[in-house]
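Peer 1: return a 3D structure for these sequence lines:
(one chain, ligands or ions: 1)
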Amino acid sequence: MSYIVVSDVHLGSKLCNFDEFCSFLEWVLDLKGSPKKFHLKDGAVEIRSPERIILLGDILELWDPEDGDRDNVVKQCLRPLSLLSDLGCDKVYVMGNHDNAVSSYDEKIDYETLRNGTKLDIWNRHYPEEMGGMRIGDRSYYFLHGHQFDKAQSILTKVSKFLGETWDPLDWFNSQYNTSFTKNYWILSGVLSAALLIGWYLNRDLLASNFGYTALAALLFGFLIYSSLPAVVTKGQRRIYDIKKPKDKTARQILEEKFYQEQKDTITADVVVFGHTHFASSYQGEAGKKKLFINSGSWVGEDEEIDGKTRYSNTFIYIDAAGAHILRWKGGQVKPLESH
Ligand SMILES: [Mn+2]
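Peer 2: Model prediction:
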């Protein structure tokens, strides 16, 4: 049994390493019939064509696509999706926060059979259902995107629970922006709404005495704001969100700096695989006692030196009966980073 896990590809985002991700998928396709062997510090690993690929959230960028335009997501999806469907393995898609808007597919897409007989299944929160995870070799593994460990995201979760449905304002604004009228005319609408406000102020006496004019002006103002404000939020939200994002944190930082609340953790699996923070890394509390956490990293941006550690882009996890490996895709080749 072997698994490949990728997360945080952010297809459609300006920063997505689209070409690298596609060439990586081609490499995975080529594994069929020709496993690749790697030498590690203590032994070797043979990477075989996986039996399952797990897409661990934020595969699509629906909050902040390039130019705010979701057409860019559709465009960048075509090649990866066709490569993925060609893979001779089952595909599991676990939702992240940036692609949570498609979580309703969880109920609609249920072990769909693709043309080559493989299955595609969508999971809203984590995979598998059981908190004990699923057994690969002599350990159990549990997969989730990881925004659940993120304090800045927890307000969304709390409001969603209260409402009984997903509350995702960034998705709402981006959805409103992605209507053809707003995409084409949001600047004009914004300017006209400002002009209308000024006109309203200058003619306030006239409007105050005429309900018909007031109602008409209010209706027009509402329409103009509705078709311009979503663009302003969509184009400005990255700056607001980046301030609070625990991006670039290592697995150790996430687990030690109180983003993660141990007492609330009901996962009983031996290994938790997650993404979200874009820093391929691992963490284990007191050896032998606590769960092992492995972060799958991302496919956006460049390698970067952060607090004396290198955060590599274009990383993935390979799991087989012998253990889990953090690997990176660089210059058309796979290079090992960590093994557990
Ligand atoms: Mn995320």
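Peer 1: what's the spacing between the residue nearest the centre of the chain and S298?
Peer 2: In the chain, the centroid-proximal residue (CA atoms, centre = their mean) is D58; its distance is 1.2 Å. According to CB to CB, to the nearest Å, D58 and S298 sit 8 Å apart. (C-beta placed from N, C-alpha, C; glycine too.)
Peer 1: got it, and A321?
Peer 2: Using CB to CB, A321 is found at 27 Å from S298.
Peer 1: more neighbours: which of these two?
Peer 2: Between A321 and S298, S298 has the larger neighbour count (other CB atoms under 10 Å), namely 28 against 11.
Peer 1: my guess is that one meets G275, correct?
Peer 2: Yes. At 7.0 Å, S298 counts as touching G275 under the criterion of CB atoms under 8 Å.
Peer 1: between these two, which contacts overlap?
Peer 2: Common neighbours of S298 and G275, using CB atoms under 8 Å, 6 or more residues apart in numbering, are 7-8, 58.
Peer 1: report the contact partners of R70.
Peer 2: By CB under 8 Å, 6+ apart, the contact list for R70 reads 12, 62, 174, 178.
Peer 1: which parts of the host helix or strand of W200 are buried?
Peer 2: For W200, the host element (DSSP states H and E) is helix 180-202. Along helix 180-202, these residues count as buried under the neighbour rule (16 or more other CB atoms under 10 Å): 182-183, 186, 189-190, 192-193, 196, 200.
Peer 1: and what of stretch 172-181?
Peer 2: Here stretch 172-181 shows 173-174, 176-178 as buried, counting by 16+ other CB under 10 Å.
Peer 1: quick one on the thing from earlier: the contacts of R70 in helices, which ones?
Peer 2: N174 (DSSP state H).
Peer 1: those residues of this protein touching the ion, which are they?
Peer 2: Within the chain, the residues that sit near the ion (CB under 5 Å from the ion) are 58, 96-97, 147, 276.
Peer 1: so which of those residues sits lowest on pLDDT?
Peer 2: Ranked by pLDDT, the residues of the chain next to the ion bottom out at H147, which has 87.
Peer 1: who are the contact partners of that residue?
Peer 2: Residues near H147 by CB under 8 Å, 6+ apart: 57, 96-97, 153, 276.
Peer 1: secondary structure for those - can I get that in TSV?
Peer 2: Shown next, in TSV, are the contacts of H147 (DSSP: H, G, I helix; E, B strand; the rest coil):
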residue	secondary structure
G57	coil
G96	coil
N97	coil
Q153	helix
H276	coil
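Peer 1: any idea how far G96 is from the nearest residue in space to S13 that is not next to it in sequence?
Peer 2: Leaving aside its sequence neighbours, S13 sits nearest to E61 (CB to CB, 6 or more residues apart in numbering; 3.9 Å). Remark: distance between E61 and G96 (CB to CB) = 10 Å.
Peer 1: thinking again about what came up before, the residue nearest to the centre of the chain and T277 touch, don't they?
Peer 2: No. Contact criterion CB under 8 Å: D58 and T277 do not qualify, at 10.6 Å.
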